[in-house]
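Peer 1: curious how this folds, go ahead:
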Amino acid sequence: QVQLAESGGGSVQAGGSLRLSCTASGRPFSNYAMGWFRQAPGKEREFAAAISWRGEETFYSDSVKGRFTISRDNAKNTGYLQMNSLKPEDTAIYYCAADVAHLTSTPYDYDNWGQGTQVTVSS
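Peer 2: As a prediction, this is how the structure comes out:
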């Protein structure tokens, strides 16, 4: 199993930016597709973005498309989520996830999860 640790969360005003990082350990990060998900209080975990094993393919939810950018650096065993033009509705705990076999928007397909990092956007 790969261990994942998110960082980079915090509080920001609407219109601001944050960059989240997801650092992997225990297994080569390049073995895994990676996704970012988020969960707001009282809501289900929802998909934000995903990236393929070598980074050549990415896709996004409609709610973040054009504002968020997912990327990865396998040499550093780290994935990223650049979040621009943040809105109050982006407030949530953000989780990175990784899976050997799947590149999907479905959280149940991912076997490995980090602990999450809080992002709070004020109006």
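Peer 1: ok, now how distant is N77 from R19?
Peer 2: 17 Å (CB to CB, to the nearest Å). The way it works is simple: take the backbone N, C-alpha and C, and place the C-beta from them, glycine included.
Peer 1: more neighbours: which of these two?
Peer 2: Comparing N77 with R19 by neighbour count (other CB atoms under 10 Å), the higher total belongs to N77, at 18 against 13.
Peer 1: tell me the pLDDT of that one.
Peer 2: At N77, the model reports a pLDDT of 97.
Peer 1: same thing with H102?
Peer 2: The predicted structure lists H102 with a pLDDT of 85.
Peer 1: what is the burial count for it?
Peer 2: There are 17 residues near H102, going by other CB under 10 Å.
Peer 1: report the secondary structure state of it.
Peer 2: Assigned by DSSP: H, G, I helix; E, B strand; the rest coil, the conformation of H102 is coil.
Peer 1: and for the closest residue to it other than its chain neighbours, the neighbour number?
Peer 2: Spatially, and ignoring its direct neighbours in sequence, H102 is nearest to D109 (4.1 Å; CB to CB, 6 or more residues apart in numbering). Other residues lying near D109 total 15 when counted by other CB under 10 Å.
Peer 1: hmm, A50 and D109 touching each other?
Peer 2: No - counting by CB atoms under 8 Å, D109 stays clear of A50, with 10.0 Å between them.
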